[in-house]
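Colleague: With the sequence up front, the predicted model follows.
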Amino acid sequence: MKRLILILGDQLSPSISSLRAADPARDVVLMAEVTAETTYVRHHKKKIVLVLAAMRHFAEELSNLGWMVDYVRLDDPDNTGSLYGEAHRALARHGATNILATEPGEWRLMEDMSAWAELLPDTRYLADRQGFVRWAEARKTLRMEHFYRLMRRKTGLLMDGDRPAEGKWNFDADNRSPPPGPLGLPEPLRTAPDTATREVLNLVKRRFPDHFGGIEPFWFATTRSGAQAAFTHFLRHGLRDFGRYQDAMLGGHGFLCHAVVSVYLNLGLLDPLDMCHAVEAEWRSGRVPINSAEGFIRQVIGWREFVRCIYWWQGPEYARRNALAAERPLPWFYWTGETSMACLRACITQTHKEAYAHHIQRLMVTGNFALLAGVNPHALHEWYLAVYADAYEWVELPNTIGMSQFADGGLLASKPYAASGAYINRMSDYCGACAYNVKARVGPGACPFNVLYWRFVATHAPRLRGNPRMAHMVRVWETFPPDHQQDVLAQADAFLAGL
Ligand code: FAD
Ligand code: SF4
């Protein structure tokens, strides 16, 4: 009984469950580039190039491993444009009886594919989804830190017997240094596109000219060995100071010491556990400090797994959560970068150019502004999903709805990540080049983040008063004289009206 093994664009792992359950001597692998997946949001051009070029290279990798691969290109005249259409065409082509696949990474496809394919669990993740639900439902509040400790015990990473290495679970307090000077900072490894990737670049230029983002220079790796080389480069050059500068932002240097590996990890070109073992080995050999190794491992086995479990646990309606009743449309400058706020201009321009921004740029600049301005969380979610090369709903949505916008009412995050300009000034060099004055709370030229921050505290005071991490700011607001409060609110409202 011949089966069709459907491999999706973010399932580029030779040991994925669908391939492990298949027989290379009998079954046929189907990979299809379809319009439905390239356009369900208007993905950044670089993201489309990355996914399609990595798919083409993976098809070649599988052929070399002895699989029979049927590959449908986007510009094939008979391409139906949907996964369903291509799977059914291929069934007839190969005389196969049924379709086997590893479960997709989002509700939209899960609901579609479960009607016509046999789906196997995706075993490339470290946490067990059902186990997570039992754990979560037995707790009054969810905190990533508790989940993370379970994952440390489960994987044995950075453990000395039953105790955390160096006696502490979390070294985050050492990871908040302001930015260094630009000299001597590492750069991510840039890979020149090969012929196959160039072909995809030309296709994307032709087919998606009106999608967001620049396309050249394109330097993401599109093969497994290229992704591994990029990660090894990070181990040698970025990891040592990763922890220290994890929260820092620097104009003109958007990567600082970050790994720039989510693009590869989320496609299946890198394995999370292998990466974490390699990072631990760097620490155990004395080449990098514990705060860097622990900080990196926490992001991968902690946050990444935690947000994925929340995504599947909460169901498709999580995308519509809006606990703070935020209804403002997304400001147009999120697409153009045309704003006189230097921090937003820098992060959005970088996003347009690189399809990348690091975590604090996403959380504390673009996310923070949207939170303070009361932008509709679903509109913001669609933006994040479109503009980053690493964006897939299972990881992007909880980060946006839960962590960044507090739209789930505090299920994922213990407090809203709201901050005034003082935070951005402390952690970046953006304010020096800005038209606004970060030190002024109100008045001509005052930083918009400042008035918006206090407006946010005032507007949500009834809710924030009950939050141990925000109650203090409500009390501070209440110490401001009434006419000062009036001035702040009037200036914030005028700013928002002008957006
Ligand atoms: P590094 O800073 O070097 O971290 C190493 C790895 O840790 C990352 O590659 C990533 O796999 C993992 N990681 C770190 N933080 C998180 C996190 N909060 N959630 C999940 N994994 C994490 N990450 C995505 O992979 N895809 C997304 O679509 C995405 N959308 C986001 C949207 C918002 C609003 C926010 C605040 C964060 C989002 N993140 C997303 C998380 C994080 O910003 C990126 O994983 C990170 O910036 C990727 O760059 P890097 O590889 O250089 O990461
Ligand atoms: Fe951003 Fe305000 Fe600093 Fe300007 S002054 S860069 S708007 S935080």
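Modeller: Great, that's in hand. Numbering: from 1, shown residues only. Ligands and ions are numbered 1, 2, ... in the order given.

Colleague: near ligand 2, which residues of this protein?
Modeller: Contact residues, the chain versus ligand 2 (C-beta under 6 Å from any ligand atom): 341-343, 421, 424-425, 430-431, 434, 436, 438, 447-449. Quick note: C-beta positions are derived from backbone N, CA and C, even for glycine.

Colleague: let's go with 5 Å and repeat that
Modeller: Neighbours of ligand 2 within the chain, by C-beta under 5 Å from any ligand atom: 341-343, 421, 424, 430-431, 434, 436, 438, 447, 449.

Colleague: and the gap between the nearest residue to I297 once chain neighbours are set aside and ligand 2?
Modeller: The shortest distance from I297 to any non-neighbouring residue, by C-beta to C-beta, 6 or more residues apart in numbering, is to C276 (4.9 Å). C276 is 34 Å from ligand 2, where distance means C-beta to the nearest ligand atom, to the nearest Å.

Colleague: Cross-check the contact I'm expecting between C276 and V300.
Modeller: Yes. Assessed by C-beta atoms under 8 Å, C276 is found in contact with V300 at 5.6 Å.

Colleague: who's in contact with W135?
Modeller: When contacts are counted by C-beta atoms under 8 Å, 6 or more residues apart in numbering, W135 touches 147, 150.

Colleague: Find the helix or strand that it is a member of.
Modeller: helix 129-137 (DSSP states H and E).

Colleague: between whatever helix or strand comes next after that helix and helix 129-137, how big is the angle?
Modeller: Once the chain leaves helix 129-137, the next helix or strand it forms, by DSSP H and E, is helix 144-155. Using axes from the mean of the first three to the mean of the last three C-alpha atoms, to 10 degrees, the inter-axis angle of helix 144-155 relative to helix 129-137 is 140 degrees.

Colleague: pLDDT averaged over helix 144-155 - what is it?
Modeller: For helix 144-155, mean pLDDT rounds to 97.

Colleague: Given the helix or strand following that helix, what are its sheet partners and their directions?
Modeller: Per DSSP H and E, the first helix or strand lying C-terminal to helix 144-155 is strand 159-160. Applying DSSP bridges, strand 159-160 is found paired with strand 163-164 (antiparallel).

Colleague: Tell me the helix or strand right after the strand it pairs with.
Modeller: helix 195-207.

Colleague: Number of residues surrounding the spatially closest residue to T459 that is not a sequence neighbour?
Modeller: Of all residues not flanking T459 in the chain, G374 sits nearest, at 8.0 Å (C-beta to C-beta, 6+ apart). If you count neighbours by other C-beta atoms under 10 Å, G374 ends up with 19.

Colleague: Just the pLDDT at M1, thanks.
Modeller: Model confidence at M1 (pLDDT) stands at 87.

Colleague: contacting residues around it?
Modeller: 26, 97-98.

Colleague: mind putting those residues in JSON lines, distance to R20 and pLDDT included?
Modeller: Formatted as JSON lines, these follow (distance: C-beta to C-beta, whole Å; pLDDT from 0 to 100):
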{"residue": "R26", "distance to R20": "15", "pLDDT": "96"}
{"residue": "T97", "distance to R20": "19", "pLDDT": "91"}
{"residue": "N98", "distance to R20": "17", "pLDDT": "95"}
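
Colleague: how far is whichever helix in the chain runs longest from where the chain is centred?
Modeller: Ranked by residue count under DSSP state H, the longest helix found in the chain is helix 45-64. Distance of helix 45-64 from the chain centroid (C-alpha atoms, centre = their mean, to the nearest Å) equals 20 Å.

Colleague: Now that helix: buried residues?
Modeller: When burial is assessed from 16 or more other C-beta atoms under 10 Å, helix 45-64 yields the following buried residues: 45-59, 61-62.

Colleague: just stretch 217-224 next, same as before
Modeller: By 16+ other C-beta under 10 Å, the buried positions in stretch 217-224 come out as 218, 220-224.

Colleague: what mean pLDDT does that stretch have?
Modeller: Stretch 217-224 shows a mean pLDDT of 98.

Colleague: one step back: can you redo the residues of the chain next to ligand 2 as JSON lines with pLDDT, neighbour count and distance to R20?
Modeller: Listed next are these as JSON lines, based on pLDDT from 0 to 100; neighbours: other C-beta atoms under 10 Å; distance: C-beta to C-beta, whole Å:
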{"residue": "M341", "pLDDT": "98", "neighbour count": "22", "distance to R20": "50"}
{"residue": "A342", "pLDDT": "98", "neighbour count": "20", "distance to R20": "50"}
{"residue": "C343", "pLDDT": "98", "neighbour count": "29", "distance to R20": "46"}
{"residue": "G421", "pLDDT": "98", "neighbour count": "26", "distance to R20": "52"}
{"residue": "I424", "pLDDT": "98", "neighbour count": "25", "distance to R20": "47"}
{"residue": "Y430", "pLDDT": "98", "neighbour count": "24", "distance to R20": "48"}
{"residue": "C431", "pLDDT": "98", "neighbour count": "21", "distance to R20": "52"}
{"residue": "C434", "pLDDT": "98", "neighbour count": "20", "distance to R20": "53"}
{"residue": "Y436", "pLDDT": "98", "neighbour count": "19", "distance to R20": "56"}
{"residue": "V438", "pLDDT": "98", "neighbour count": "21", "distance to R20": "54"}
{"residue": "C447", "pLDDT": "98", "neighbour count": "25", "distance to R20": "54"}
{"residue": "F449", "pLDDT": "98", "neighbour count": "28", "distance to R20": "50"}
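
Colleague: So which of those residues belong to helices?
Modeller: Filtering these for helices - DSSP H - leaves 342-343, 421, 424, 449.

Colleague: quick revisit: which of the contacts of M1 fall in helices?
Modeller: Among those, no member falls in helices (DSSP H).

Colleague: and which of these is nearest to ligand 2?
Modeller: Checking the contacts of M1 against ligand 2 with C-beta to the nearest ligand atom, the nearest one is N98 at 55.2 Å.
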